[in-house]
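**Student:** got a sequence here, can you model it:
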Amino acid sequence: MDTIRHAIVGCGGIGPFHSTAIAEIPNSVLAYACDIIPERADALAAKIDGCQAVYDLDALLARNDVDLVHVCTPSGMHAEQAIAVLEAGKNVITEKPMDVTTAACDKLIAVAEASSGKATCIFQNRFLNLTEKVKQAVDKGLLGKLTMGDAYIKWFRTQAYYDSGDWRATWELDGGGCLMNQGVHYVDLLQWYMGPVQSVYAICDTLAHDIAVEDVAAAVLRFKNGAIGVVEGTTAAAPGLDWRIELHGDQGSVTIKNGNIEHWRFLDKELDNNPPEDETAKLKAAGADPKDIPAQAHTRQITLMCEAIRNNGDVPIPVREARNAVEIVTAIYESNRTGQLVTLES
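**Tutor:** Numbering: from 1, shown residues only. Just a heads-up that it's a prediction; the model follows:
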């Protein structure tokens with residue numbers, strides 16, 4: 001397979017970011033833009049030479065000239081649509097989260113693991129140069145015994161943002177508020193670094209918006225390795241702060257802010273305590289504006305998916321692994337609902 005022919009399903013919101021990423025990947029073309037709102041499909045298709053607008057998912061999947069489908073629709077539709085893609089014999093990328101319940105994720109996992117097609121879920125922040133360096137440091141044991149791991153996502157969204165789509169801030173299609181939509185990226189990063197979460201205790205509330213889901217949340221996590229940590233997320237911290245992850249061990253500590261390494265310190269005097277730098281890293285990361293994200297990490301993850309399709313290799317993030325962040329966030333919601341410590345199943 002020389003050229004990967006892509007299709008984007010869901011041409012508003014994050015869909016155009018996928019289009020930008022695809023344009024940067026050699027031997028990849030955006031062949032179809034699909035949306036049930038014809039104007040959105042038409043608008044995206046008009047920007048890409050040779051791209052055709054389609055208004056129905058079944059019509060798209062009936063075509064034999066599509067290799068990789070990007071599911072960029074509201075979160076609560078991801079699993080059902082991804083399953084349809086796989087059952088049509090094609091490969092699929094879902095945007096984060098993979099879906100809004102673990103039950104929906106499990107259905108997709110079962111189909112994906114029995115399918116000849118490949119499936120992955122976007123968690124693009126894993127593929128920033130410096131977040132990968134941090135993962136290497138953790139896996140090499142440079143931090144020693146992990147003791148604490150924290151994620152802080154103190155962003156801001158206006159009421160107009162929530163009012164811009166009838167699916168936003170609904171349990172059915174958004175799956176929650178500041179954690180399931182925005183914070184899930186960093187919940188994923190945190191568990192990627194620290195390992196599986198054993199239990200959570202959380203408080204969530206809605207303090208600054210007229211919405212049905214949370215706009216503030218705080219959770220205490222116990223990891224299976226014994227470490228503890230916190231997740232703090234909000235879309236009510238004006239004007240919107242940088243996201244941050246802190247990792248601590250008995251031999252060193254690392255802090256990441258918006259994809260840059262801010263703190264990099266180890267007790268071992270033979271290790272370089274100067275933080276690695278990446279001139280391509282960008283400081284802005286959607287804290288105040290949901291469109292203010294770089295496309296480079298999407299490009300990297302989609303490139304790896306294309307390579308997996310061409311070479312019949314491993315996908316960048318298996319869907320079974322992508323389930324973890326959904327399980328953690330839904331456990332946080334359950335703890336808030338019950339007022340009890342919640343132990344995770346997996």
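**Student:** only C-alpha atoms from now on, for both contacts and neighbour counts.
**Tutor:** Will do.
**Student:** quick one: the strands in this protein?
**Tutor:** Counting by DSSP state E, one finds strands in the chain at the ranges 4-9, 28-34, 52-54, 68-71, 91-94, 119-121, 146-154, 197-205, 216-223, 228-234, 244-249, 252-257, 260-266, 342-343.
**Student:** can you pull the contacts of the spatially closest residue to A238 that is not a sequence neighbour?
**Tutor:** In space, A238 comes closest to F156 once its chain neighbours are excluded; the distance is 5.3 Å by C-alpha to C-alpha, 6 or more residues apart in numbering. F156 makes contact with T234, T235, A236, A237, A238, P239, G240, L241, G287, A288, D289 under the criterion C-alpha atoms under 8 Å, 6 or more residues apart in numbering.
**Student:** repeat the analysis, applying 10 Å as the threshold.
**Tutor:** Contacts for F156 (C-alpha atoms under 10 Å, 6 or more residues apart in numbering) come out as 178, 215, 234-241, 286-290.
**Student:** so can I have TSV of the strands of the chain showing mean neighbour count, distance to E327 and mean pLDDT?
**Tutor:** Listed next are the strands of the chain as TSV, based on neighbours: other C-alpha atoms under 10 Å; distance: least, C-alpha to C-alpha, whole Å; pLDDT from 0 to 100:
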stretch	mean neighbour count	distance to E327	mean pLDDT
strand 4-9	24	25	98
strand 28-34	24	29	98
strand 52-54	21	34	98
strand 68-71	28	20	98
strand 91-94	26	17	98
strand 119-121	29	15	98
strand 146-154	23	16	98
strand 197-205	22	9	98
strand 216-223	22	13	98
strand 228-234	24	14	98
strand 244-249	21	19	98
strand 252-257	20	24	97
strand 260-266	19	27	95
strand 342-343	18	10	98
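**Student:** which stretch among those comes nearest T299?
**Tutor:** Across the strands of the chain, T299 has its closest neighbour in strand 28-34 (11.2 Å, C-alpha to C-alpha).
**Student:** strand partners (parallel or antiparallel) of that closest one?
**Tutor:** According to DSSP bridges, strand 28-34 has the following sheet partners: strand 4-9 (parallel), strand 52-54 (parallel).
**Student:** closest to V319 out of those strands?
**Tutor:** Nearest to V319, of all the strands paired with strand 28-34, is strand 4-9, at 18.5 Å by C-alpha to C-alpha.
**Student:** could I get the CA-only coordinates of that closest one as PDB?
**Tutor:** What follows is strand 4-9, C-alpha atoms only, in PDB (Å, rounded to 0.1, in the frame of the first residue of the first chain):
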ATOM      1  CA  ILE A   4      -3.000   5.800   2.700                       C
ATOM      2  CA  ARG A   5      -6.400   7.200   1.800                       C
ATOM      3  CA  HIS A   6      -8.000   8.900   4.900                       C
ATOM      4  CA  ALA A   7     -11.600   9.800   5.700                       C
ATOM      5  CA  ILE A   8     -12.700  12.200   8.500                       C
ATOM      6  CA  VAL A   9     -16.100  11.600  10.100                       C
END
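**Student:** hmm, back to that, of the contacts of F156, which is the nearest to S19?
**Tutor:** Set against S19, the nearest of the contacts of F156 by C-alpha to C-alpha is P290 (16.5 Å).
**Student:** am I right that that closest one is in contact with Y161?
**Tutor:** Yes. P290 lies in contact with Y161 (C-alpha atoms under 10 Å); the separation is 8.9 Å.
**Student:** OK, contacts around the most centrally placed residue in the chain?
**Tutor:** Closest to where the C-alpha atoms of the chain average out (C-alpha atoms, centre = their mean) is F123, at 3.3 Å. Residues counted as contacts of F123 (C-alpha under 10 Å, 6+ apart) are 94-98, 184-186, 188-189, 297-298, 301, 316-317, 322, 325.
**Student:** I'd assumed Y201 was in contact with G339.
**Tutor:** Yes. Checked against C-alpha under 10 Å, the pair G339 and Y201 is within contact range at 7.8 Å.
**Student:** C-alpha coordinates for the longest helix seen in the chain, PDB please?
**Tutor:** The longest helix of the chain (DSSP state H) is helix 319-338. Provided in PDB are the C-alpha atoms of helix 319-338 (Å, rounded to 0.1, in the frame of the first residue of the first chain):
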ATOM      1  CA  VAL A 319      -7.700   0.400  22.200                       C
ATOM      2  CA  ARG A 320      -7.400  -1.800  25.300                       C
ATOM      3  CA  GLU A 321      -4.800   0.700  26.700                       C
ATOM      4  CA  ALA A 322      -6.900   3.700  25.700                       C
ATOM      5  CA  ARG A 323      -9.700   2.400  27.900                       C
ATOM      6  CA  ASN A 324      -7.600   3.200  31.100                       C
ATOM      7  CA  ALA A 325      -8.300   6.900  31.100                       C
ATOM      8  CA  VAL A 326     -12.000   6.400  30.600                       C
ATOM      9  CA  GLU A 327     -12.100   4.000  33.500                       C
ATOM     10  CA  ILE A 328     -10.300   6.400  35.800                       C
ATOM     11  CA  VAL A 329     -12.500   9.400  34.900                       C
ATOM     12  CA  THR A 330     -15.700   7.400  35.300                       C
ATOM     13  CA  ALA A 331     -14.400   6.100  38.700                       C
ATOM     14  CA  ILE A 332     -13.900   9.700  39.700                       C
ATOM     15  CA  TYR A 333     -17.500  10.500  38.800                       C
ATOM     16  CA  GLU A 334     -18.700   7.400  40.700                       C
ATOM     17  CA  SER A 335     -16.800   8.500  43.800                       C
ATOM     18  CA  ASN A 336     -18.300  12.000  43.600                       C
ATOM     19  CA  ARG A 337     -21.800  10.500  43.200                       C
ATOM     20  CA  THR A 338     -21.500   8.100  46.100                       C
END
